[in-house]
Structure formats: structure tokens, C-alpha cells
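*Asks:* Have a look at this prediction, sequence included:
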Amino acid sequence: MKILRISTAAALILALALSLFSCKFVFDTPGSRPEDGSDAPEGKVKATFTILGETAGESDWLDPGTVLEPVGVGKIEDSANEYEFLGWDADGDGIAEEFPYKLNESVVFAALLKADPKIFHYDIYVRGELKVSADCKYGDDINYPEVSSFIEDGEAFIFMGWKYDGAFDGMIRTKVTKSTVIEAYFADSQVLKLYYEGGLYAKRVPQGEKLPTLAAWGVQPRDGYEIVWYADPDFTARSELAVMPQGNLTLYGRQEKQGGSGTISVKSDEQLIKAFDSLLLKRETEADISLDYDHMPLQQLPAYLSANSISLFGYRLSASSSDGRTVKLAIEYSPLAVYRSENVLYTQLPSANLTLERSDRGSGYNSFAIETVEDCVQVTNSEALYYALENGVRPVPVGKDAEQLYAAMKDVLREYVSDSMTDVQKAAAIYEYLIMNTVYDGELLEKVIKGENAEGYRSFCLEGVFVDRLAVCDGLSKAFSCLCRIEGIECVRVTGKKSGSGVPHAWNKVKLGGKWYIVDVTSGGTLTGDEEVLSYVYFMMTDKAYETICSADAGPAAGIKCDAEYDIYEQRGLLAETPEEAAALIKNYIENAPGGRSSFELKLGYKISSDSKAVSEILKHMKSSVNISYISSGSVFCFIYDK
């Protein structure tokens, strides 16, 4: 409690009663009484009463010496406090005057009040669960809990903001102004979030609809400025979007001078790298960057940026500056996803092991785990699309090529992956799909081995997998990583060299059931002559098992340890403990397989003296007239047959 001599404005007076003996009072609205007294009759005086800085009432013009009787007031409160009336102060000394009061000159009486802060209460609910319950005072900060988007019963629910007393207007309150019930609000799709000057503004916007401005929420920039939108909170990547894309979108706005130069402003080396990465992802050829910090010598910038930026693209970079502060970058790119090999050298054999089945997801399904990710980036090409997904960022495709590739990947997952699957089952389905639907580009491999120019070939990129159905390890490993990430499965691409030959190679490390494993899709399409056969040898391997096949380049991915054991053959009933059991398995699969040339793989769980003797003994027990050949990898045998 404290005693206040109130003289501030903007108070709410709920009730006020004034009574004076033999004097008439007229209650005016604040500011209606002349301030300079120019209308005062000669020889007359007046009493004016103010409460919380506002005129509450005044007397008629009176003769000097008129005696005023005690004046009482009713309940007084404003947004933050309730007040106890202590008396009237006529001279600003904070002491109440005594009544009756002789009015010898015009006087302004200010109410002396004792403030008693109001106690407010708010409850915050998330998905029906009470997360915060607090008593507080007016103007206190509201302490919001962390909230994440989620998937439930196959539907993605995106956190949009907060409902206040059941109403959602797309804005977030940060201060307490009244008692209230606050609930987390989720939407199932097409959520636009705009962050601007500490506030969040959100609404649902249909795909293809023009993006709204903040004027929809009554927010305007100051004169001479405009709000410019960026795809990142560091304001390094300008948004090019004018209409709402498919899925959700998050943008970050700030005021900039109208008709500005378009110069990107950065305040640290970290922001500089982010800005340069954004240029590379959009394949922009030039940009002006203002270095608003103590930076390295300009002649060192090209080498620094090339060494620390994303390494997906071949490019040449130059930098120049006329003032030592604003740098003009010029970027010349190598061709991307332009050429396709003329000759297809291999044919994919059907496999009796294949478990791919049609999913129960419909064509309109879009509740992928990636859709619940808040951070997003606009992408215009396949390499940017891969980069965004592998880094756990939700891509927003801009342009026909990126849109079609992203849609093609989602179509694969809609068709062959279901929400009821475990992550291991999802990864296996992706592995099988890529092997059975993509042929290895042997012609491009020959170019690489011979040292010929292989720049710009689509088989290195996602186009090779999802458009041409022809790819090398680079494209296949990128595709596996992208499909896993869309499903919310952590996955990275690893590069290195084949042991012995030294030929460059790429594969993946994937986190399943809390443990990391190696997956090599390219090797899983095992080559034998001019045919490819499906093999599970390269699915969920350990570092120890893989070290004889490839060695990884230095980098973060190489440091991920894969030491957990998983035997897919045992899990799928493809482990034979005797020659008789192996013969029965093969015969059963062959008899139930469609006609034509196909393959069947199993693992032998017993000791053998040689591959040929083991196969001979199995075939003896089969007593089959089917023409069968085989290839082997350790204890795993793949039988190729014509039925």
C-alpha cells in the first residue's frame, strides 16, 4: 500500500458522488472546462475537483468566502488499482484540507488516494492440460510454456498461437491486463506465422491466396518505411513469396526505408555466412552486403565464404567494394541437374523379398512430421531442397521444379509408408522403394573414373531419382535422407571413398529406435553382370561391418558412431539354421513368386566350408528344376532364378 498524490490521466471512475452545502455542481467531461479562466466573471471564484488527473466536477462561480462543505466520493478504480479516498489536497503538499473550507480564490482540489493493486489471475492450457496458473498484478509479464506442433491419429496439428477467453485473433498478449483463460490454439494445415517487432501474427491462408499484410491486424510501418519479409530471424534471406505455398509458412519482418537499395545488412561473420548460404540456395548471381561490424580484410572474404558455406554447389566467387563496407558479391555457378546419361546399362530384377505394400494414406495426406517444424526456408532447386531437409528445416518450394520434386517425394511416402509403421519399417520401405525404382547410372560412373567432366548430370541430384529413375550414389543418398527427414527420421548423408578402388562414394547414417546405423542404398542395389538385385546386406549396418567397404571423409557425419547390431534377416524370418531350412525357404518363395527372372536373398546361420558347397547342398535338398544362380556376401546369399 502507498499514498499517492495522483495527477496522471486515463483513469476509469466507476462511481463518483460529490455534495456541497448550498452549492451547485456541474460534471463535465475531461478537458471541457476552459484552462485559462478567460470566462470567469469579475469578482467570482470556483472550486474544481480532480480525480486521477481528470476533472470530476466543479462548482458554479461563487462569491469569495463561500464555505464548502465536505465532499465525498464513491468507488474509484483504474485498470491496475482500486483506491481508497483520503481527502482533498488544494496546495499540492500531499495533506488533506479540512472541511468546511472557505473558498477565497479559485482552487483545484486533487483527490488524495491510497492505491491497492488489483490481483488478477490467468490459467494457461495446452491440449486440455493446465500448464500455468498464476496470480499477478496489472502489467506483469505472462509466462507462456513451450508449445510444439504435433501429430495425432495421422494428422499434423500446427501451433498457431493463443486463444484468450475462447477467442483467437492471431495476436499474442505479453502483459497482464485482466483475469483470463488462455489456451494453445492449433490448426491442421496452411498456417501463416508473421513475426514482427516482438509480436506474432498468425492465421490460416489457403494455398495460392495472396499473402496478407500486417494491415489486417491494424499494424502499419512509420511514414517513409515499408515492412520487408525474410525467411530467417537474422534477416539474411529475403522472402520472394507473394502467395501462400502448400503447407505452412513462417516469415520475419522488419521496417526498411521505402525504395531501399536492397542491400543485405549483416552484423557478424555468422550472419554473413547465413546470408551467403541463402544466395547459394537460391542460386543468385550477385548481391550487395553491408558489413556492419569489424570484419576481416575484404580480400580474404571469398576464401573465407567458400571454406565455411554449404558445399553443394560448384561456383566461382569474387568480391569488390568501393567504400570498404558494402561488398558486391558476384557468383558464377556450374550447371545443375541439366544432363542425362544417354545409355542405361543395368536392369533391375524383381525380388521375392520385396515387402513394399500400398499405404492407407490418401492422395491428400499431408500430415508429415516435417510439417510440424517451425523453421522453414524457401528453396528453388533440388540441391536446396535436399540441404533444407537434411538440416531438419521445413522447405518451402518456390518455382515449378522445386515444387514438383517435393510433391514427388511426398507422393512416394503417401503410397508406401503408413502412420502405423515403426521407424525401422519406414526406413526399410524407403530403402526398398529407392532400389527397386532407380537404376544405377553406370555411364556416369565411367565418366568419373576416367576423369571426364561430369558436372551438371541429373544423376547426382534428386531429379535423377524422382524424374529419370537413373542415379548414382550421390542422388540416391540424398533421396534417402530427404524421404527419412520428411517422415521425421533423423538421417545424414556421408561421403567418402570405396576401399581399394578409391572411387568416391556416398551413403547414409540414420537414427532408428534411438540408435544410429549405416544404410547404403546404392550398394543395396547389388550389381551382377548387367542386372541389379535387391540386397539387405547394406541396411542398418555397423561401422565395423562397413569399414571394409568404404572410408568416410572427415566431417560431422563421420563422427556419428554406428555400433548397434540389427539383423533384418532374423527379423524377417530369412535366417536359415540348416541346409534343409534354407532349401525350404527358397522353394517356398520361388513357388509363390510370379513367373520370369527374379531374385531371393537369405542368410545362412550355420558354418559352411565354401560358398559353392553350401549352395550345392541347398539345391540338392530343393529338388527343383528351376534354373538357379547365386551371388554371395559373407553368410548372405542371393539366388537368381528363371521361373
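*Replies:* All right, it came through fine.
*Asks:* what sits against Leu470?
*Replies:* Taking CB atoms under 8 Å, 6 or more residues apart in numbering, we find Leu470 in contact with Arg340, Ser341, Val344, Thr438, Val439, Tyr440, Asp441, Arg458, Ser459, Gly464. C-beta coordinates here come from the backbone N, C-alpha and C atoms, glycine included.
*Asks:* Return the members of those residues classed as buried.
*Replies:* By neighbour count, with 16 or more other CB atoms under 10 Å, the contacts of Leu470 hold Arg340, Ser341, Thr438, Val439, Tyr440, Asp441, Arg458, Ser459, Gly464 as buried.
*Asks:* Is it possible to get CSV of those that adds pLDDT and distance to Gln258?
*Replies:* Formatted as CSV, those follow (pLDDT from 0 to 100; distance: CB to CB, whole Å):
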residue, pLDDT, distance to Gln258
Arg340, 93, 46
Ser341, 92, 51
Thr438, 96, 50
Val439, 96, 54
Tyr440, 96, 55
Asp441, 95, 51
Arg458, 93, 43
Ser459, 95, 47
Gly464, 96, 45
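*Asks:* Which ones among those map onto strands?
*Replies:* Per DSSP state E, strands hold the following members of the buried ones among the contacts of Leu470: Val439, Tyr440.
*Asks:* out of the buried ones among the contacts of Leu470, which one sits closest to Ile289?
*Replies:* Nearest to Ile289 among those, counting by CB to CB, is Arg458 at 31.9 Å.
*Asks:* give the contact list for the closest one.
*Replies:* With contacts defined as CB under 8 Å, 6+ apart, Arg458 is in contact with Ala337, Val338, Tyr339, Arg340, Gly464, Val467, Asp468, Leu470, Gly475.
*Asks:* List the beta-bridge partners for Lys102.
*Replies:* Listed beta-bridge partners, Lys102: Val67 (assigned using DSSP bridges).
*Asks:* Could you double-check that it sits in contact with Asp63?
*Replies:* No: judged on CB atoms under 8 Å, Lys102 makes no contact with Asp63 at a distance of 11.2 Å.
*Asks:* circling back to that earlier point, dump the contacts of Arg458 into CSV; add distance to Phe168 as well.
*Replies:* What follows is the contacts of Arg458, written out as CSV (distance: CB to CB, whole Å):
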residue, distance to Phe168
Ala337, 43
Val338, 48
Tyr339, 51
Arg340, 50
Gly464, 45
Val467, 42
Asp468, 46
Leu470, 49
Gly475, 44
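*Asks:* quick one, domains of this structure?
*Replies:* Split into domains by automatic domain parsing, the chain comes to 2-117, 265-334, 347-374+393-566, 574-642.
*Asks:* so which of those gets nearest Met244?
*Replies:* Per CB to CB, nearest to Met244 of the domains of the chain: domain 347-374+393-566, 9.9 Å.
*Asks:* can you map out the strands along the stretch 251-400 of the chain?
*Replies:* Taking DSSP state E, counting those that start in this stretch to define them, one finds strands in the stretch 251-400 of the chain at 264-266, 286-291, 315-321, 326-333, 347-348, 376-379, 394-397.
*Asks:* Show me what the fifth one packs onto, helices and strands only.
*Replies:* In terms of contacts (3 or more CB pairs under 8 Å, 6 or more residues apart in numbering; DSSP states H and E), strand 347-348 is packed against helix 423-437, strand 531-534.
*Asks:* ok, now the fourth one?
*Replies:* With contacts defined as 3+ CB pairs under 8 Å, 6+ apart, strand 326-333 has these neighbours: helix 269-281, strand 286-291, strand 315-321.
*Asks:* deepest of the ones you listed, which one?
*Replies:* helix 269-281 (a mean of 21; mean count of other CB atoms under 10 Å).
*Asks:* Report the rounded mean pLDDT for that helix.
*Replies:* The average pLDDT within helix 269-281 is 89.
*Asks:* Then stretch 116-126?
*Replies:* Stretch 116-126 comes out at a mean pLDDT of 96.
*Asks:* wait, Arg173 sits on Gly161?
*Replies:* No: using CB under 8 Å, Arg173 is not in contact with Gly161; the gap is 10.0 Å.
*Asks:* Of those two, which one has the most company?
*Replies:* A direct count of neighbours by other CB atoms under 10 Å for Arg173 and Gly161 places Gly161 higher, at 22 against 15.
*Asks:* pLDDT score assigned to that one?
*Replies:* Predicted confidence (pLDDT) for Gly161: 90.
*Asks:* can you check Pro64 too?
*Replies:* 93.
*Asks:* what's the neighbour count on it?
*Replies:* Neighbours of Pro64 under the rule other CB under 10 Å: 12.
*Asks:* from memory Lys498 sits against His505, does it?
*Replies:* Yes: counting by CB under 8 Å, Lys498 touches His505, with 5.1 Å between them.
*Asks:* could I get the strands of the stretch 251-400 of the chain as TSV with mean pLDDT and distance to Ala369?
*Replies:* Listed next are the strands of the stretch 251-400 of the chain as TSV, based on pLDDT from 0 to 100; distance: least, CB to CB, whole Å:
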stretch	mean pLDDT	distance to Ala369
strand 264-266	87	32
strand 286-291	90	33
strand 315-321	91	32
strand 326-333	92	32
strand 347-348	92	29
strand 376-379	87	14
strand 394-397	90	10
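*Asks:* will you turn those strands into a markdown table that also has distance to Ile568?
*Replies:* Listed next are the strands of the stretch 251-400 of the chain as a markdown table, based on distance: least, CB to CB, whole Å:
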| stretch | distance to Ile568 |
| --- | --- |
| strand 264-266 | 48 |
| strand 286-291 | 48 |
| strand 315-321 | 41 |
| strand 326-333 | 41 |
| strand 347-348 | 20 |
| strand 376-379 | 33 |
| strand 394-397 | 31 |
